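> Structure for this input, please:
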Amino acid sequence: MIREALEAYALSPTMETTFVMDRQRTIGASEIGLCSRRMYWVKTEGRVDEGHGDRWGARARGKLLEQHFYVPAMRRKYGKKLLWAGKDQKTFNDRYASATPDGLLIDQPRDLLLKDFGIADIGAGQCVLVECKSVDPRVNMSRAKEENEFQTQMQLGLVRELTVYKPEYAILSYMDASFLDEVHEFAIKFDPKVYDAGHKRAVRIKTATRPDELPPEGWIAGGKECEYCPFTQACGIVRHSVPESEAAADPQFTAEITDLCREHERLDGLKDKAEIALNTQKQLIKDRLKDKGIRRIPGVVTWSAVKGRRNYDMKGIRAAATEAGVDVEAYSTTGDPSDMLMVRVALEAEATKNSTPRKKQLRARG
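Numbering: from 1, shown residues only. Presented below is the predicted three-dimensional model:
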């Protein structure tokens with residue numbers, strides 16, 4: 001009952017952000033660091049996955065905190081020296097890129113960032129761009145998120161290019177969604193090379209004519225972004241599309257793929273070593289905390305117990321259902337098609353020692 005009321009309000013025009021320009025025409029600063037293939041479908045209004053539900057919670061949380069806490073607090077401290085905040089927000093766009101920063105502080109002392117960030121001079125423009133985020137308390141905030149850093153670079157660049165203000169820094173802040181007094185702040189210095197790369201990236205996305213012209217970056221980065229992507233089914237079809245016909249590879253193409261496969265094996269080996277080193281370090285940290293009887297060091301580390309996930313004995317359920325006369329197969333489903341890439345080439349150094357590929361050697365040891 002209450003949930004329905006909250007959802008209806010969250011999805012109503014009252015909670016919608018109105019933009020003067022058509023956001024489909026550009027790649028926004030908050031979108032530029034997201035998976036380029038996902039952005040292709042967003043901007044071309046691709047077909048959303050069947051059953052996908054767009055969760056509104058995080059979006060509503062951010063809007064409420066910005067409008068009713070962040071902006072009033074900033075206005076109270078900086079007054080008229082805070083531009084483009086709240087209802088006065090402005091969108092800047094150039095070619096295929098756009099940005100809507102949360103605000104700009106003007107007429108500030110040049111040593112504004114000295115105390116908190118050790119930055120002695122914010123530049124002759126004496127202004128700093130500000131961007132506010134809310135974040136899940138479970139997220140590690142030892143550094144700013146890459147996509148948010150990219151966002152602030154685009155904001156800085158567009159403001160510098162399209163206005164009289166030339167901010168050299170942006171203050172990217174994260175408010176803990178559970179404890180609002182827990183705030184993480186990062187000073188981001190403008191990098192014209194990153195800004196230029198962002199413009200080129202926006203052009204690539206907006207001028208692509210097919211999704212396979214853009215890499216599945218969310219999947220490449222480990223799939224975290226895919227958990228919230230509404231186009232995973234379409235992306236999977238493109239990603240797993242193995243050629244139907246078997247063409248012969250000429251010597252030049254064979255050499256090219258051989259080099260790519262050897263690099264694959266080299267990186268795979270580095271990943272294995274890095275995983276071992278990481279797990280070793282994790283265990284060392286746990287052992288030292290256990291020795292001292294400490295679970296938490298504020299701002300450094302937290303070690304907590306996690307409840308086990310509830311699992312079901314599927315074999316037992318199947319047997320019980322069959323015994324009860326239930327046709328289990330009537331409830332079976334087939335997953336989406338996938339693919340498998342088996343790299344068989346050995347690294348050059350290994351090839352001279354043994355003709356058996358490294359992966360086969362690893363299987364033999366296991």
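> centre of the chain versus the helix or strand residue 74 falls within, how much separation?
Assigned by DSSP states H and E, residue 74 belongs to helix 71-78. On the basis of C-alpha atoms, centre = their mean, to the nearest Å, helix 71-78 sits 29 Å off its chain's mean C-alpha point.
> need the helices for the stretch 101-250 of the chain, in chain order.
Assigned by DSSP state H, counting those that start in this stretch, the helices in the stretch 101-250 of the chain fall at 114-117, 146-162, 192-207, 217-220, 232-239.
> average pLDDT for the helix holding residue 74?
On average, the pLDDT along helix 71-78 is 96.
> Residue 13: neighbouring residues, count only.
Applying other C-beta atoms under 10 Å, we find 6 residues neighbouring residue 13. Where C-beta positions appear, they are placed from N, C-alpha and C, glycine not excepted.
> Tell me which of the helices of the stretch 101-250 of the chain lies nearest to residue 41.
Relative to residue 41, the nearest member of these by C-beta to C-beta is helix 232-239, separated by 6.7 Å.
> Quick check: buried residues in the closest one?
By neighbour count on 16 or more other C-beta atoms under 10 Å, the buried set for helix 232-239 is 232, 234-236, 239.
> ok, now stretch 163-174?
165, 167-174.
> Stretch 86-96 too?
So, applying 16+ other C-beta under 10 Å, buried residues of stretch 86-96: 86, 89-93, 96.
> Reformat those residues into CSV and put secondary structure and distance to residue 110 next to each item.
Below are the buried residues of stretch 86-96 laid out as CSV (DSSP: H, G, I helix; E, B strand; the rest coil; distance: C-beta to C-beta, whole Å):
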residue, secondary structure, distance to residue 110
86, helix, 27
89, coil, 26
90, coil, 25
91, coil, 29
92, strand, 24
93, strand, 30
96, coil, 34
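> and the two most separated of those residues?
It's 86 and 96 that sit farthest apart of the buried residues of stretch 86-96, by C-beta to C-beta, at 27.2 Å.
> now the helices for the stretch 251-366 of the chain?
251-292, 314-323, 348-353, 358-365.
> Show me the one of those that comes nearest residue 52.
helix 314-323 (25.9 Å).
> I'd like to know the average pLDDT value across that closest one.
Mean predicted lDDT for helix 314-323 stands at 88.
> if we can go back for a sec, so which of the buried residues of stretch 163-174 sit within strands?
Among these, the members found in strands (DSSP state E) are 169-174.
> Relative to residue 202, which of those residues is nearest.
residue 170 (18.7 Å).
> So which of the helices of the stretch 251-366 of the chain is nearest residue 129?
The nearest among the helices of the stretch 251-366 of the chain, by C-beta to C-beta, is helix 251-292 at 35.3 Å.
> circling back: would you mind giving the buried residues of stretch 163-174 as CSV with distance to residue 269 and pLDDT added?
Listed next are the buried residues of stretch 163-174 as CSV, based on distance: C-beta to C-beta, whole Å; pLDDT from 0 to 100:
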residue, distance to residue 269, pLDDT
165, 49, 98
167, 44, 98
168, 42, 98
169, 40, 98
170, 39, 98
171, 41, 98
172, 36, 97
173, 40, 96
174, 36, 94
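> Report the residue spans of this structure with pLDDT below the cut-off.
17-22, 348-366 (pLDDT under 70).
> 50 instead?
For the chain, applying pLDDT under 50 flags the ranges 358-366.
> State the distance from the nearest residue to residue 257 once chain neighbours are set aside to residue 255.
Nearest residue to residue 257 in three dimensions, chain neighbours excluded: residue 249, at 7.1 Å (C-beta to C-beta, 6 or more residues apart in numbering). Residue 249 is 10 Å from residue 255, where distance means C-beta to C-beta, to the nearest Å.
> just residue 174 next, same as before
For residue 174, the distance to residue 255 - C-beta to C-beta - is 48 Å.
> before we move on, what about residue 101?
Taking C-beta to C-beta, one finds residue 101 at 49 Å from residue 255.
> higher neighbour count, these two?
A direct count of neighbours by other C-beta under 10 Å for residue 101 and residue 255 places residue 101 higher, at 26 against 11.
> would you turn the helices of the stretch 101-250 of the chain into JSON lines with distance to residue 284?
Output for those, formatted as JSON lines (distance: least, C-beta to C-beta, whole Å):
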{"stretch": "helix 114-117", "distance to residue 284": "31"}
{"stretch": "helix 146-162", "distance to residue 284": "27"}
{"stretch": "helix 192-207", "distance to residue 284": "36"}
{"stretch": "helix 217-220", "distance to residue 284": "30"}
{"stretch": "helix 232-239", "distance to residue 284": "37"}
